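**Student:** Sharing a sequence plus its predicted fold:
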Amino acid sequence: MGVLAIKKKNKSNSMINEFDFITALKDCEKTQDEISQLILKEVDNNYEVLNFIKKYFDFCLETNYFTSTSTQFNIEKLNDNKYSSIINLKKVNDARYINKFFETINSRLPNSGLYFGKVETYPNRRKAILNKYPPIINRVVYITDMIFTRIFPKLFITKKIYFYLTKGKGRVVSRAETYGRLYSCGFEIVDEKSINNYLYFVAKKVKEPSFDTDPTYGPIIKLKRVGKNGEKFNVYKLRTMHPFSEYLQEYVYKKNNLQEGGKIKDDFRISPEGRVLRKFWIDELPMLVNILKGDMKIVGVRPLSPHFYSLYDKELQEKRIQNKPGFIPPFYVDLPKTMDEIMDSEKKYLDAYKKAPFKTDLKYFFLAFKNVLFRGARSN
């Protein structure tokens, strides 16, 4: 006969809505049915969620750990190397310290171990509110909710007040931020599915967490870029992407590839306000600080992330790091459309700069200014 160990919560316990259970391998069919019923209760009898879980997890395996928790203590108590997968039906939004929560899950899984979770994203929350309330009222509720759950947790002045009142529960987290946090904590996304205003995901452990002590979370961000002599330095920019998006560059590149102009196609990491800032170069103005610090010059090749730098051929990589990167790149002179054209444009600039530095930068400065002013060249 199958064994299903269920740890019930006392009503006096703050974890009243949480459950966890472990399966044994004796009566597989019965075990699967019992676990399925428990999952259905937790997800409001949504069979689409159940089937998505079944697609990746064998309910007969006792190395599965099923839970519904936002408290890392409940994960910390698990024995190391006992479970090959963790299926958590509690939304990520309710975890007080999301990265710590993901790091703890990582520590309890072997390499290639799977983690199943769910998150309420901005579009999910908006749709749920607009459908719940009548017209006009729903807009007022949505705007109020957006200010409290999206803006308050990120502003220095209101952040402490928000977390004091809510203990971190219920804040809205973007898809890009959720996945960026997962990647920074040593996971990669295997699959995802939106069901009933929640985004469900399957992630695989691929490495140890990066334990980033200085994440880019505020309106002004610092991004690691490859500079002169191949040394990394921080480029200052106004935020145009959701927090932790920098960890997703390789993931989004592999998923979507590049669009015309050399930027990633359909990049979901960019926020709506970020697209406006990029269109008019406003996001790049803080890079003037890099010029004052001596990390960059006014005209030069664009400072690249390590991932984008790796896409360039070896010859161009070597040429690039012989000089400082620039605020105004040759892109705005030649307006290349493909990756090959971008590399050719940079090679042409660097060869000319090597022969006549001052003359070349002066020429490129005025040609770029002309293209921006009269031909509508914009950052994308």
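**Tutor:** Received, thanks.
**Student:** contacts, neighbours, all on C-alpha from now
**Tutor:** OK.
**Student:** Residue 207 falls within a strand, correct?
**Tutor:** No. Looking at residue 207 with DSSP: H, G, I helix; E, B strand; the rest coil, it is coil, so not inside a strand.
**Student:** what number of residues lie near residue 62?
**Tutor:** Look at residue 62: counted by other Cα atoms under 10 Å, it has 16 neighbours.
**Student:** meant to ask about residue 48, not that
**Tutor:** When neighbours are counted by other Cα under 10 Å, residue 48 registers 15.
**Student:** who's in contact with the one residue sitting closest to the centre of the chain?
**Tutor:** Most central in the chain under Cα atoms, centre = their mean is residue 180, positioned 2.5 Å from the mean C-alpha point. Residue 180 makes contact with 243, 244, 245, 246, 247, 248, according to Cα atoms under 8 Å, 6 or more residues apart in numbering.
**Student:** Just send those back as CSV, with secondary structure too.
**Tutor:** Below are the contacts of residue 180 laid out as CSV (three-state DSSP):
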residue, secondary structure
243, coil
244, coil
245, helix
246, helix
247, helix
248, helix
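**Student:** Farthest pair within those?
**Tutor:** Greatest spatial distance among those (Cα to Cα): 243 and 248, at 10.5 Å.
**Student:** More neighbours: which of the two?
**Tutor:** Set residue 243 next to residue 248 and count neighbours by other Cα under 10 Å: residue 243 wins out with 25 against 20.
**Student:** Now do that one, the pLDDT please.
**Tutor:** For residue 243, the pLDDT comes out at 86.
**Student:** Compute the distance between it and residue 58, please.
**Tutor:** Per Cα to Cα, to the nearest Å, residue 243 is found 34 Å from residue 58.
**Student:** Next: residue 167.
**Tutor:** In terms of Cα to Cα, residue 167 sits 35 Å off from residue 58.
**Student:** that older thread, for the residue nearest to the centre of the chain, which non-adjacent residue is spatially closest?
**Tutor:** Once flanking residues are discounted, residue 180 sits nearest to residue 244: 4.7 Å by Cα to Cα, 6 or more residues apart in numbering.
**Student:** in the stretch 151-300 of the chain, which segments are predicted with low confidence?
**Tutor:** Within the stretch 151-300 of the chain, the segments meeting pLDDT under 70 span 213-217, 257-265.
**Student:** what's the burial count for residue 231?
**Tutor:** Using other Cα under 10 Å, residue 231 is surrounded by 10 other residues.
**Student:** Then residue 44?
**Tutor:** 9.
**Student:** Could you measure from it over to residue 104?
**Tutor:** Going from residue 44 to residue 104 by Cα to Cα gives 28 Å.
**Student:** quick one: contacts of stretch 354-363?
**Tutor:** Identification of contacts with stretch 354-363 by Cα under 8 Å, 6+ apart yields 299, 300, 349, 352, 353.
**Student:** List the contacts of stretch 140-158.
**Tutor:** 126, 129-130, 159-160, 162-163, 170-173, 217-218.
**Student:** Distance from the chain centre to that stretch, please.
**Tutor:** Distance, stretch centre to chain centre, for stretch 140-158: 20 Å (Cα atoms, centre = their mean, to the nearest Å).
**Student:** what's the answer for stretch 63-76, then?
**Tutor:** Using Cα atoms, centre = their mean, the mean C-alpha position of stretch 63-76 is found 23 Å from that of the whole chain.
**Student:** Restrict that stretch to CA atoms and write it as CSV.
**Tutor:** Taking Å, rounded to 0.1, in the frame of the first residue of the first chain, the C-alpha atoms of stretch 63-76 are listed here in CSV:
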residue,chain,number,x,y,z
THR,A,63,13.3,12.2,-4.5
ASN,A,64,10.6,14.8,-5.3
TYR,A,65,9.9,17.3,-2.6
PHE,A,66,6.5,19.0,-2.9
THR,A,67,5.8,22.1,-0.9
SER,A,68,4.0,25.4,-0.8
THR,A,69,6.2,27.8,1.1
SER,A,70,7.7,31.3,0.9
THR,A,71,9.9,30.7,3.9
GLN,A,72,13.5,29.6,3.3
PHE,A,73,13.6,27.9,6.7
ASN,A,74,11.3,25.2,5.3
ILE,A,75,13.8,24.5,2.6
GLU,A,76,16.9,24.8,4.8
